[in-house]
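S.K.: Okay, here's the prediction I keep looking at, along with the sequence it came from:
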Amino acid sequence: MTTYDERASLTDLTATAERVRGSVEGVIEGKPEVVRLTLTVLLAEGHLLIEDVPGVGKTMLAKTLARSIDCSVRRIQFTPDLLPSDITGVSIWDQQRRDFEFKPGAIFAQIVIGDEINRASPKTQSALLESMEERQVTIDGQTYELPSPFMVVATQNPVEMEGTYPLPEAQRDRFMARVSVGYPSVEAELQMLDVHGGVSPLEDLQPVAHAHDIVKLIEAVRDIHVADTVRRYAVELVAATRTHPDLRLGASPRATLHLLRAAKASAALSGREYALPDDVQALAVAVLAHRLLPTAQAQLNRRTAEQVVQEILQHTPVPQAPQTHGYGLGTAAPAYPQQPPRRL
């Protein structure tokens, strides 16, 4: 049972998350859904792939999130000549010590910004696989832990294919969600001219949270309750991608884990201590679509992975809450405390 002191602490943490969101939205105008998804992935211990056309603020979104949190930040400009050791680090012989000394690479930061990730070779891209999944790096048989929190925010341009290497399926599967910033509205673009017309807003942006605050937020998200019916609903959605006739590759079990973690973070952002099917539905496209491979016939019919996920959402029955004590709780004591909702 949650004590009064724990609730007070959680209230303080929700205020921290609100400050981070407000800081990011102050720079990224007119995109509250994109900012919310970015914060959701951060609190769910995931990694974010920002995929869109040039000039819509992909890198600006990643840099704003990094500037809003007082933590270590490294930026990697992915180019064709980038080597795996530039990312992970390398062991160098020290003449004075007569021993090898490990020089950490750019991956040893709490927020890593990967700019134009698909411009590096697959060999270099694969250097991120271990760090993104296990939060560690193994060099010459020695394992080095990465700091916490740890998040990779990568950008890529899906239109320009000259000099790019498509991300392998194993790499895409390690990103919890994919988001497209999209073009701003007329009002938001006019506001952008006022804000960004003179100097960059990043110059005056100050951190509004510390790294240990984000760690506490992540720990709070882990405690979000998920009923068995909501878990089954997430599993059924992912399983449906593996048998859909328009897909030659469905979502992996890792996708189910990511979908559930993101749903818990979304519930926390909505001020709830429990996840609902609505949280799963709202995140299904962002979490699942980038992992799916349409068949050749589906591509000829101009069927996208996003459309397939939307179709699966329409045909998968949504669990209904009993009138008593919530999703799948039966006659047990209420799992969700009766208290005013909090918003992160």
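M.R.: Received the coordinates, thanks.
S.K.: Name the helix or strand for Ile50, please.
M.R.: Using DSSP states H and E, the element containing Ile50 is strand 48-51.
S.K.: from the middle of its chain, how far away would that strand be?
M.R.: Between the centre of strand 48-51 and the centre of its host chain there is 8 Å, according to Cα atoms, centre = their mean, to the nearest Å.
S.K.: Give me the three-state assignment for Val27.
M.R.: coil (DSSP: H, G, I helix; E, B strand; the rest coil).
S.K.: Now it: phi and psi?
M.R.: Dihedral pair for Val27: phi -100, psi -40, per degrees, to the nearest 10.
S.K.: Could you tell me how many residues sit around it?
M.R.: Using other Cβ atoms under 10 Å, Val27 has 22 neighbouring residues. Any C-beta I mention is one placed from the backbone N, CA and C, and that applies to glycine too.
S.K.: Distance of it relative to Ile69?
M.R.: 14 Å (Cβ to Cβ, to the nearest Å).
S.K.: now swap in Leu247 and tell me
M.R.: Where Ile69 is concerned, Leu247 sits at a distance of 37 Å (Cβ to Cβ).
S.K.: packing partners for the strand holding Ile50?
M.R.: helix 32-43, helix 58-68, strand 151-156, strand 177-179 (3 or more Cβ pairs under 8 Å, 6 or more residues apart in numbering; DSSP states H and E).
S.K.: okay, Leu247 and Ile69: which has more neighbours?
M.R.: Ile69 (24 against 21).
S.K.: which residues of the stretch 1-150 of the chain fall in helices?
M.R.: Secondary structure of the stretch 1-150 of the chain (DSSP state H, counting those that start in this stretch): helices at 4-25, 32-43, 58-68, 84-88, 122-125, 129-134.
S.K.: Name the surrounding residues that touch the fourth one.
M.R.: Right, helix 84-88. Contacts to helix 84-88, defined as Cβ atoms under 8 Å, 6 or more residues apart in numbering, come from residues Ile76, Gly105, Ala106, Ile107, Lys123, Thr124, Ser126, Ala127, Leu128, Ser131, Val137, Ile139.
S.K.: of those, buried ones?
M.R.: Ile76, Gly105, Ala106, Ile107, Thr124, Ala127, Leu128, Ser131, Val137, Ile139 (16 or more other Cβ atoms under 10 Å).
S.K.: quick one: the closest residue to Arg174 other than its chain neighbours from Glu33, how far?
M.R.: Spatial nearest neighbour of Arg174, excluding adjacent residues (Cβ to Cβ, 6 or more residues apart in numbering): Met132 at 4.3 Å. In this view, Met132 and Glu33 are 24 Å apart by Cβ to Cβ.
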